[in-house]
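Undergrad: Here is my input, please return the structure:
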Amino acid sequence: MELKTAFDNRHRGAMIKHDHFFDIYDSHLGHLQGKPDMKILEIGVYNGGSLYMWNNYFPGSRVVGIDIDPYTKRWEEPDKNIRVEIGDQCDKDFLQKIVDEEGPFDLIIDDAGHENHQIITSFEFLFPHLVEGGTYVVEDTFASYWPGYSCDREIGTNGEVLNPVLKPFDKENTSMEFLKALTDKCNCWAYRHKEAEDLRVEGELDQYEKGLYSIHFYDSIVIANKISRNGGECYGKDQWYEHKDAAKEYTTDPYTGKNGYGTKI
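TA: Next up, the predicted model:
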């Protein structure tokens, strides 16, 4: 089933979503359909439609939505394995409660307030609570470029006091800058190798170096995949694969100078 079909077949709720997201989701998640007991955490419930979309797309899944608006509690349907909890995605105590009760998750989707510190706080806290092979999605990353989404909370990512009037937009510390910086983590074995010389980094691996297998950037959506790395090693092995037919490749006709493929060597 395509994701758009799953949404069209929902029995209630509404949703706002960029229409190109559907194909992107299908390309990254379609192979998981049929996986038993999928656990999904969606940050940001709004009008509930996406809860039922995911419930249709992954039959038999457990879908947990969190939102700061008590209005969204109405979308909870225990008989369909859909739960809605009210809380702040920047409240680590609240997130810990959700993780303790429902985690770990196969899929986490952040489609909530889109503010930089919200996205970063949730990502840093929840990434370790993905299952092996799990996927983390950040939607609507366009907001990273709009100062109006900079901050409307009193407490920031690291517990610092924020003033939404006096705190200016910091283009160096947006959620997109945070996510772009994670691309280096995929190559941690390279910058920890002696060949890196002045670029070499040492010390304990962080959570992304240990398990960020890939990160994919699209217009307004970012998708990260988690697979544990063997220490600080490359995921794959660099090895020599022999020529398909070495004799034919390197045997030369003494008159034409061509090999067995008709190419001069």
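Undergrad: Can you pull out the low-pLDDT segments for this structure?
TA: Along the chain, segments meeting pLDDT under 70 span 151-159, 162-168.
Undergrad: can you give me the strands for it?
TA: 39-43, 62-67, 82-86, 105-110, 130-139, 212-218, 221-226 (DSSP state E).
Undergrad: Of the ones you listed, give the one that comes closest to Ala247.
TA: Minimum separation from Ala247 across the strands of the chain (Cβ to Cβ) falls at strand 212-218, 39.3 Å. (Each C-beta comes from the backbone N, C-alpha and C, glycine too.)
Undergrad: Redo the strands of the chain as JSON lines? Include mean neighbour count and distance to Lys244.
TA: Formatted as JSON lines, those follow (neighbours: other Cβ atoms under 10 Å; distance: least, Cβ to Cβ, whole Å):
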{"stretch": "strand 39-43", "mean neighbour count": "25", "distance to Lys244": "45"}
{"stretch": "strand 62-67", "mean neighbour count": "24", "distance to Lys244": "49"}
{"stretch": "strand 82-86", "mean neighbour count": "19", "distance to Lys244": "54"}
{"stretch": "strand 105-110", "mean neighbour count": "23", "distance to Lys244": "40"}
{"stretch": "strand 130-139", "mean neighbour count": "20", "distance to Lys244": "33"}
{"stretch": "strand 212-218", "mean neighbour count": "16", "distance to Lys244": "30"}
{"stretch": "strand 221-226", "mean neighbour count": "21", "distance to Lys244": "32"}
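Undergrad: what would those look like in a markdown table with distance to Lys194?
TA: Listed next are those as a markdown table, based on distance: least, Cβ to Cβ, whole Å:
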| stretch | distance to Lys194 |
| --- | --- |
| strand 39-43 | 40 |
| strand 62-67 | 45 |
| strand 82-86 | 48 |
| strand 105-110 | 36 |
| strand 130-139 | 30 |
| strand 212-218 | 23 |
| strand 221-226 | 28 |
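Undergrad: Tell me which of the ones you listed lies nearest to Gly236.
TA: For Gly236, the closest of the strands of the chain is strand 212-218, at 11.0 Å, according to Cβ to Cβ.
Undergrad: so how far is the closest one off the chain centroid?
TA: Its chain's C-alpha centre and that of strand 212-218 lie 7 Å apart, by Cα atoms, centre = their mean, to the nearest Å.
Undergrad: Determine the set of other helices and strands touching it.
TA: helix 175-181, strand 221-226 (3 or more Cβ pairs under 8 Å, 6 or more residues apart in numbering; DSSP states H and E).
Undergrad: any residues touching it, and which ones?
TA: 20, 24, 28, 127, 179-180, 182-183, 185-186, 222-227, 229, 235 (Cβ atoms under 8 Å, 6 or more residues apart in numbering).
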